[in-house]
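Novice: here's my sequence, what's the structure:
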Amino acid sequence: MQYHSQKQQIDQQGYRKNVGIIVCNNQHQVLWARRAKHDGWQFPQGGVERGESALDAAFRELHEEVGLASAHVKLLGSTENWLRYEVPYATKNQHYLTTKQFRGQKQRWFLFHLLAEESCVKLDIAKNPEFDRWRWVDYWRPLAEIVEFKRGVYKKALTELESLLPAAV
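Specialist: Next comes the predicted model:
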C-alpha cells in the first residue's frame, strides 16, 4: 500500500510524523483540552510539515491549537525517540478510510512549562479550532481519559518526561 501526502510527512511504514505537546503549570498539572465537536479530551498535537523540525512543529501547533507563543512557555525537554501508535480501523474517519493516507502516527513529545498567565490560552486562534474547552488536570489523569489506542504512547511520554517537571510551587 502506498502512503502519500503533499504537506504531511508519512514514512515508508505509513506513520505520519507528528508532535505531542504537554504544557504544565507550577502545581504539576497539565493542560487538557476537549476536541471541538467531540467529547474526547487530549493533549495538543499535530503533524510535522515538510521542511519543518519537530520542535518548530511543536511551537506552531502550540500557537495554532491553544494560542500560546514561544514567549509564553519554557521548553523543559522532549522524548528521546519517536513513539508510535496505530489508528484502529474503527476510529478512522471516512477521509482516511477512502484515501488510506496513513496507518498511524509517530510522535515526538515535548514538555513545556507555562510562564504566562492562563488568560493567554486561546482556543480560537485557528479558523477551525481544534479544541473548545480546556482545564488543568493532575499529571497522570490523562491516562484514565485518553482513547485506548493512544494510551500506551501517553504512558511512555508522561513517564519519560516526568523527571523534567519543575519543582512544585
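
Novice: tell me where this protein is predicted with low confidence.
Specialist: For the chain, applying pLDDT under 70 flags the ranges 1-7, 89-101, 169.

Novice: find the nearest non-adjacent residue to the residue nearest the centre of it, please.
Specialist: Against the mean C-alpha coordinate of the chain, by Cα atoms, centre = their mean, the closest residue is Gln45 at 2.3 Å. Counting by Cβ to Cβ, 6 or more residues apart in numbering, Gly20 is the residue found nearest to Gln45 once chain neighbours are left out, at 4.7 Å. Heads up, the C-betas are built off the backbone N, CA and C, glycines and all.

Novice: and for that neighbour, the neighbour number?
Specialist: Other residues lying near Gly20 total 25 when counted by other Cβ atoms under 10 Å.

Novice: starting at the chain centroid, how far to the helix or strand containing it?
Specialist: Taking DSSP states H and E as the criterion, the element that holds Gly20 is strand 15-24. Strand 15-24 has its C-alpha centroid displaced from the chain centroid by 4 Å (Cα atoms, centre = their mean, to the nearest Å).

Novice: kindly report the same for stretch 142-156.
Specialist: Its chain's C-alpha centre and that of stretch 142-156 lie 12 Å apart, by Cα atoms, centre = their mean.

Novice: what are the ranges of the helices in the chain?
Specialist: When assigned using DSSP state H, the helices of the chain occupy the ranges 54-66, 94-99, 142-145, 148-161.

Novice: in JSON lines: those helices, plus distance to Leu123.
Specialist: Formatted as JSON lines, the entries for the helices of the chain read as follows, by distance: least, Cβ to Cβ, whole Å:
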{"stretch": "helix 54-66", "distance to Leu123": "6"}
{"stretch": "helix 94-99", "distance to Leu123": "23"}
{"stretch": "helix 142-145", "distance to Leu123": "18"}
{"stretch": "helix 148-161", "distance to Leu123": "20"}
